[in-house]
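> Need a 3D model of the sequence below.
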Amino acid sequence: MIDQSIIEAQNDARRADLTADYDALGARLARRGADIEALTARAMAFGVAVPSWGTGTGGTRFARFPGMGEPRGIMDKLDDCGVIHQLTAATPTVSLHIPWDKADPALLCEKAEEVGLGFDAMNSNTFQDQPDQAHSYKFGSLSHTDAATRRQAVEHNLECIEIGQAIGSRALTVWIGDGSNFPGQTSLSRQFDRYLEAMKQVYAGLPEDWRIFSEHKIYEPAFYSTVVQDWGTSLMTAQELGPKAQCLVDLGHHAPNVNIEMIVARLVRAGKLGGFHFNDSKYGDDDLDAGTIDPFRLFLVFNELLELEDRQGLDLSHMIDQSHNVTDPIESLMISAVEIQRAFVQASLVDRVTLEGFRQDNDALMAAATLRTAFRTDVDPILQMARLRADAAVDPVAAFRASGYRARVAAERPKSVGGGGGIV
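Predicted structure coming up:
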């Protein structure tokens with residue numbers, strides 16, 4: 001963790017300017033009928049889970065360039081996640097990936113308490129072969145033609161649930177890379193049937209208070225067909241499994257120009273939206289920092305969510321899922337957390353009474369302008385004040401760099417070697 005005195009010194013240097021900016025914004029918002037204190041309280045209550053795997057340097061299928069001070073294992077990852085929350089006060093939980101993060105649950109809980117974190121949804125991994133597994137997932141896992149391979153994948157997911165129970169998680173995210181790369185390689189219908197059969201076995205192992213999230217992705221590593229390729233297939237899966245099954249939407253898992261906010265609205269209506277993996281993209285599943293390519297789309301997603309936030313039973317898991325190839329992972333995760341929180345606060349500023357009036361009058365221009373007014377509002381003073389009041393950093397990246405944390409852990413952690421391709 002970072003010495004709190006460093007954060008306080010950084011904040012003291014910015015306190016006067018922040019107070020002036022906050023008061024000025026408060027006055028402008030008051031003229032619009034918005035309460036800055038209520039918005040700040042909403043910002044302070046908002047949280048998004050950080051991915052344990054995101055604290056390491058990512059990579060592409062061409063290469064991975066290791067960074068300094070990379071985590072050696074899950075305990076180092078939790079240290080890094082703790083720093084992210086210490087500086088942003090916006091990431092109170094961490095999402096684990098098994099077997100990458102497999103460890104004694106008692107030790108995981110002890111470490112999490114030490115760094116001030118809880119645990120969000122568990123993530124299973126049947127898209128990679130592990131050294132000790134009997135059957136390969138090269139041609140599929142939960143949808144494999146071989147029953148023994150499917151059973152192995154089911155048992156792995158059940159193990160993830162068992163570990164999650166021990167550490168206080170209450171959800172399992174299942175994403176598979178199953179599919180095909182060539183026409184005729186597999187039966188598209190029978191492959192999906194095998195997947196559903198296996199998922200029902202995993203579903204049967206859920207504790208009473210747990211949920212299972214079906215995550216879809218249009219392509220990669222299966223480039224001709226993917227078993228769970230879009231939100232419709234994910235919805236079919238959740239509906240067939242039962243009430244504890246819901247859909248997880250990764251913002252990068254769609255074809256370019258897909259209207260993701262409409263998908264959000266449809267899944268909420270169906271009672272099957274479980275949560276998000278936030279990131280950003282230019283071309284496909286780029287896993288870039290959230291809000292850095294298309295911040296308006298992120299805002300529009302939250303606009304739909306907040307329009308429906310009073311819907312009975314809506315309980316969403318907000319998680320970051322991204323890969324950092326050329327930036328410091330801690331800094332990128334902090335930036336993403338702040339941008340996600342920003343979109344939430346901006347969407348909270350939408351004048352919904354006025355918007356609905358324009359909708360009823362079919363005034364398309366003014367309805368769109370109402371959204372733009374909220375989106376264009378600089379809510380930085382709100383986000384900064386929320387962090388200041390939570391004893392976090394007014395400027396998280398500046399405080400992180402001033403702390404020397406990266407250099408310190410680099411001296412303690414052996415330098416990663418090798419530049420092979422692939423994810424963390």
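
> Name all residues that make contact with residue 386.
Counting by CB atoms under 8 Å, 6 or more residues apart in numbering, residue 386 makes contact with 40, 43, 44, 89, 341. All C-beta spots, glycine's among them, are computed from the backbone N, C-alpha and C.

> repeat that with 6 Å
Contacts for residue 386 (CB atoms under 6 Å, 6 or more residues apart in numbering) come out as 40, 43, 44.

> So which of those are in strands?
Applying DSSP state E to the contacts of residue 386, no entry is found in strands.

> In a markdown table: those residues, plus neighbour count, distance to residue 83 and pLDDT.
Converted to a markdown table, those look like this (neighbours: other CB atoms under 10 Å; distance: CB to CB, whole Å; pLDDT from 0 to 100):
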| residue | neighbour count | distance to residue 83 | pLDDT |
| --- | --- | --- | --- |
| 40 | 22 | 23 | 98 |
| 43 | 24 | 20 | 98 |
| 44 | 19 | 19 | 98 |
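
> Save these as CSV, and put in distance to residue 408 too.
Output for these, formatted as CSV (distance: CB to CB, whole Å):
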residue, distance to residue 408
40, 33
43, 30
44, 29
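
> between these, which is nearest residue 345?
residue 43 (5.2 Å; CB to CB).

> From residue 289, how far out is the nearest residue to the closest one once chain neighbours are set aside?
The shortest distance from residue 43 to any non-neighbouring residue, by CB to CB, 6 or more residues apart in numbering, is to residue 386 (4.0 Å). Distance, residue 386 to residue 289, by CB to CB, to the nearest Å: 20 Å.

> now residue 268
As judged by CB to CB, residue 268 and residue 289 stand 26 Å apart.

> So which of those two has more stuff around it?
Neighbour tally, residue 268 and residue 289, criterion other CB atoms under 10 Å: the higher count belongs to residue 289, 23 against 19.

> picking that back up, out of the contacts of residue 386, which are inside helices?
The helices, defined by DSSP state H, take in 40, 43, 44 from these.

> rewinding a little: part of a strand, is the residue nearest to residue 43?
No: counting by DSSP: H, G, I helix; E, B strand; the rest coil, residue 386 is not part of a strand but helix.

> how much space between it and residue 393?
11 Å.

> Also residue 332?
16 Å.

> quick one, phi/psi of the residue of the chain most remote from its centre?
Distance from the C-alpha centroid of the chain, by CA atoms, centre = their mean, peaks at residue 361 (37.3 Å). Per-residue torsions, residue 361: phi -90, psi 0 (degrees, to the nearest 10).

> And the contacts of the one helix or strand residue 277 maps to?
Here residue 277, judged by DSSP states H and E, is contained in strand 273-278. Here strand 273-278 makes contact (CB under 6 Å, 6+ apart) with 211, 213, 246-250, 267, 290, 316-321, 340.

> Neighbour-wise, give me the winner out of those residues.
Result: residue 290 is most packed of these (other CB under 10 Å), 31 neighbours.

> Tell me who's in contact with that one.
278, 279, 280, 336, 339, 340.

> Residue 213 in helix, strand or coil?
Strictly by three-state DSSP, residue 213 counts as strand.

> For it, which residues count as its bridge partners?
For residue 213, the beta-bridge partners are residue 173, residue 246 (DSSP bridges).

> So it sits against residue 173, correct?
Yes: counting by CB atoms under 6 Å, residue 173 is a contact partner of residue 213 at 4.5 Å.

> Can you check which residues contact both of those two?
With contacts defined as CB under 6 Å, 6+ apart, the residues adjacent to both residue 213 and residue 173 are residue 248.

> rewinding a little: quick check: angle from the strand holding residue 277 to strand 211-215?
50 degrees (axes from the mean of the first three to the mean of the last three CA atoms, to 10 degrees).

> Show me what strand 273-278 pairs with in its sheet, parallel or antiparallel.
As assigned by DSSP bridges, strand 273-278 forms pairs with strand 245-250 (parallel), strand 317-320 (parallel).

> For residue 196, which of those is the nearest?
The nearest among those, by CB to CB, is strand 245-250 at 10.8 Å.

> which residues are in contact with that closest one?
173, 211-215, 234-235, 238, 267, 272, 274-277.

> So for the helix or strand that comes right after that strand, what gets flagged as buried?
Per DSSP H and E, the first helix or strand lying C-terminal to strand 245-250 is helix 260-269. By neighbour count on 16 or more other CB atoms under 10 Å, the buried set for helix 260-269 is 260, 261, 263, 264, 265, 266, 267, 268.

> which residues are contacting helix 260-269?
For helix 260-269, contacts defined as CB under 6 Å, 6+ apart pick out 231, 247, 273, 300, 301, 304, 308.

> Just give the number of residues close to the third one.
Residue neighbour count, defined by other CB under 10 Å, stands at 28 for residue 273.

> where does the closest residue to residue 14 other than its chain neighbours sit relative to residue 56, distance-wise?
Take residue 14 and drop its neighbours on the chain: the residue closest to it by CB to CB, 6+ apart is residue 394, 4.5 Å away. Distance, residue 394 to residue 56, using CB to CB: 27 Å.

> In this protein, mark out all the strands, start to finish.
Counting by DSSP E, one finds strands in the chain at the ranges 50-51, 93-95, 118-119, 122-123, 171-174, 179-180, 211-215, 225-226, 245-250, 273-278, 317-320.

> Just send the ones you listed back as TSV, with distance to residue 144 and mean pLDDT too.
Shown next, in TSV, are the strands of the chain (distance: least, CB to CB, whole Å; pLDDT from 0 to 100):
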stretch	distance to residue 144	mean pLDDT
strand 50-51	26	98
strand 93-95	26	98
strand 118-119	29	98
strand 122-123	20	98
strand 171-174	15	98
strand 179-180	12	98
strand 211-215	18	98
strand 225-226	15	98
strand 245-250	21	98
strand 273-278	25	96
strand 317-320	27	97
